[in-house]
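**Q** sequence unknown, structure follows:
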DNA sequence: ATTTTCAAT
């Protein structure tokens, strides 16, 4: 292998931050979003490591504009200038599912960017605002795959987005009832996506 | 924390 430049050390999430924010046992007032991008070439997908990382929503500080995680992510995506002649799959792992407004913004983005396929795995369903069901359906209808994170996705994030401080990746430490809670949320989401009413 | 929702819907 030729010795290229040192790989960019992309920021990794603190272990406690991940466990606290993605757990079903908590309802933190903040949202974390991990993302990765693959280039789709024929039957293959090529991970684009320069477009992988995580972010969180902004706000809660006095005087600063509150921003949900999704508009920030949309801004980042726009800055990447992904080639419209190519096809990409963008995957997000987000600790709260998108609120109605963010779901609409994401749907609008997808309508304007047919070269981007979006998958969203949410740890929990954010149902604080009325219309959240319709928002998730709109996102789904715009072509996004919307799903609940299962053990597999939590473990994947743990391996790929979390700082283990050592070379060896510790195995993901699941919380109580992870599998059951994830399954319940998946059932609930399936009902939301199938339903035509609110 | 026996925390409960991207805080102020």
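**A** Looks like it arrived, so ask away. Remember, predicted model here, so these are calculated numbers, not experimental data.

**Q** thought residue A:148 was touching residue A:185?
**A** Yes. Assessed by Cβ atoms under 8 Å, residue A:148 is found in contact with residue A:185 at 4.4 Å. Yep, even glycine has a C-beta here, placed from its N, CA and C like the rest.

**Q** show the pLDDT at residue A:100.
**A** Model confidence at residue A:100, given as pLDDT, is 97.

**Q** got any residues that touch both of residue A:148 and residue A:185?
**A** Counting by Cβ atoms under 8 Å, 6 or more residues apart in numbering, the shared contacts of residue A:148 and residue A:185 are residue A:125.

**Q** following the helix or strand where residue A:105 lies, which helix or strand comes up?
**A** Using DSSP states H and E, the element containing residue A:105 is helix A:100-112. Going down the chain from helix A:100-112, the next helix or strand is strand A:116-124, by DSSP H and E.

**Q** partners of that following strand in the sheet?
**A** Sheet pairing of strand A:116-124 (DSSP bridges) gives strand A:87-96 (parallel), strand A:145-148 (parallel).

**Q** distance check, residue A:10 against residue A:124.
**A** 25 Å (Cβ to Cβ, to the nearest Å).

**Q** which one of the two has more residues nearby?
**A** residue A:124 (22 against 12; other Cβ atoms under 10 Å).

**Q** show me what that one bridges to in the sheet.
**A** Applying DSSP bridges, one finds that residue A:124 bridges with residue A:96.

**Q** does it really touch residue A:94, like I thought?
**A** No. Here residue A:124 does not reach residue A:94: they are 9.2 Å apart, not a contact under Cβ under 8 Å.

**Q** how many neighbours does the spatially closest residue to residue A:87 that is not a sequence neighbour have?
**A** Nearest residue to residue A:87 in three dimensions, chain neighbours excluded: residue A:40, at 4.2 Å (Cβ to Cβ, 6 or more residues apart in numbering). The number of residues packed near residue A:40 is 14, by other Cβ under 10 Å.

**Q** how about residue A:30?
**A** For residue A:30, using other Cβ under 10 Å, the count is 15.

**Q** which residues are contacting stretch A:115-122?
**A** A:40, A:77, A:82-98, A:106, A:109-110, A:139, A:143-149, A:153, A:189.

**Q** go with 7 Å
**A** Stretch A:115-122 is contacted from outside by A:82, A:84, A:86-94, A:96-97, A:106, A:110, A:144-149, A:153, using Cβ atoms under 7 Å, 6 or more residues apart in numbering.

**Q** among these, which ones lie close to DNA strand B?
**A** A:94, A:96-97 (Cβ under 7 Å from any atom of the strand).

**Q** need those in JSON lines (columns: pLDDT and neighbour count).
**A** Shown next, in JSON lines, are those (pLDDT from 0 to 100; neighbours: other Cβ atoms under 10 Å):
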{"residue": "A:94", "pLDDT": "98", "neighbour count": "26"}
{"residue": "A:96", "pLDDT": "98", "neighbour count": "26"}
{"residue": "A:97", "pLDDT": "98", "neighbour count": "26"}
